[in-house]
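Novice: the following comprises the amino acid sequence and a computationally predicted model.
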Amino acid sequence: MEVVLAVDIKKGRVVKAFAGLRINYKPLFLNNEDYSDPIKLIKSIQDRMALKKVYIADLDSIGKLKPNDKLIEKILEKFPEINFLIDAGFDYPISVYNYHRRQRKMNISNYKVVLGTETLRNFKLQNFNKIEKSEISIDFNGKQVKWIKKLNKEKLRLEIILMFLRKVGGRGIDLASVRKFLKLFSRHKCSVAGGINHRNQISNLSRIGVKAVFCSTLLHNKISRD
């Protein structure tokens, strides 16, 4: 089971996510210490575990505000040994193409893009199948049904993130729902994000075939316990 650190960035700072209510996200403090600097947070987690992958959600870019591109590029350059998943509100294939082109110019390669169904606007999935270095995130926000139908019919093997937004912040997992979608997407590789609050949940998800889990609260606790 691969454990991925989830980092939400808003206005240049790491924020504490809860239940998908982004307007209420506040800068991250652990044990009354400021961990809103993403480089500080990632380094602190890296010091405590073998951290190989980090998911970064640029909440400003997702919300069509000023993106945190330069900060994210600084993070990728700071940790070349870590593979990053970048969720930056990609909507059309051209936005992904332009993002890859920018990173190539800067000689940055330790990343993949996350195509979140919350912001995707082109529903011709075959166009996105051609995009290099990408995973698809099904964002459970009440508008996911049409994407679930499309992905269920997709014959190519995809990497899919089941993003349970209302569970974000360690609110627990719905194992029955996860089982249902693993069965539905049996030809794809599925990860789970949102709700993980105990190591036993990771073990349970691993047993039923989940390939990776995205965690923030659980990994923040590694710092809080020190």
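Specialist: Everything's here; your move. Since we're looking at a predicted model, the values are computed, not measured. Numbers count the residues shown, from 1 in each chain.

Novice: tell me the strands beside the one helix or strand Val15 maps to, with direction?
Specialist: Val15 is part of strand 13-16, with elements assigned from DSSP states H and E. Looking at strand 13-16 with DSSP bridges, its partner strands are strand 2-10 (antiparallel), strand 26-27 (antiparallel).

Novice: okay, the ones you listed, which one's buried deepest?
Specialist: strand 2-10 (a mean of 21; mean count of other CB atoms under 10 Å). (C-beta placed from N, C-alpha, C; glycine too.)

Novice: could you pull up the mean pLDDT of that one?
Specialist: Average pLDDT, strand 2-10: 95.

Novice: now stretch 184-203
Specialist: So the average pLDDT for stretch 184-203 ends up being 89.

Novice: what's the span of that stretch, first residue to last?
Specialist: Terminal residues of stretch 184-203 lie 21 Å apart, using CA to CA, to the nearest Å.

Novice: pull the distance from that stretch to the chain's centre.
Specialist: Put simply, stretch 184-203 sits 12 Å off its chain's centre (CA atoms, centre = their mean, to the nearest Å).

Novice: repeat for stretch 217-226
Specialist: Distance of stretch 217-226 from its chain centroid, counting by CA atoms, centre = their mean, is 19 Å.

Novice: buried sites along it?
Specialist: 217-221, 223 (16 or more other CB atoms under 10 Å).

Novice: who touches it?
Specialist: With CB atoms under 8 Å, 6 or more residues apart in numbering as the test, stretch 217-226 has contacts from 3, 5, 28, 30-31, 35, 44-45, 48-49, 169-170, 196-199, 202.

Novice: report the central residue of this structure.
Specialist: Centroid-nearest residue in the chain: Tyr55, 4.3 Å away (criterion: CA atoms, centre = their mean).

Novice: give me the angle between whichever strand or helix holds that one and strand 2-10.
Specialist: For Tyr55, the element it lies in under DSSP H and E is strand 53-58. Computed by axes from the mean of the first three to the mean of the last three CA atoms, to 10 degrees, the angle separating strand 53-58 from strand 2-10 equals 20 degrees.

Novice: what's near enough to touch Phe140?
Specialist: For Phe140, the contacting residues are 162-166, 194, by CB under 8 Å, 6+ apart.

Novice: from Gly63, how far off is it?
Specialist: 18 Å (CB to CB, to the nearest Å).

Novice: output the lowest mean pLDDT helix or strand found in the protein.
Specialist: Lowest by mean pLDDT, DSSP states H and E among the helices and strands of the chain is helix 125-129, with a mean of 65.
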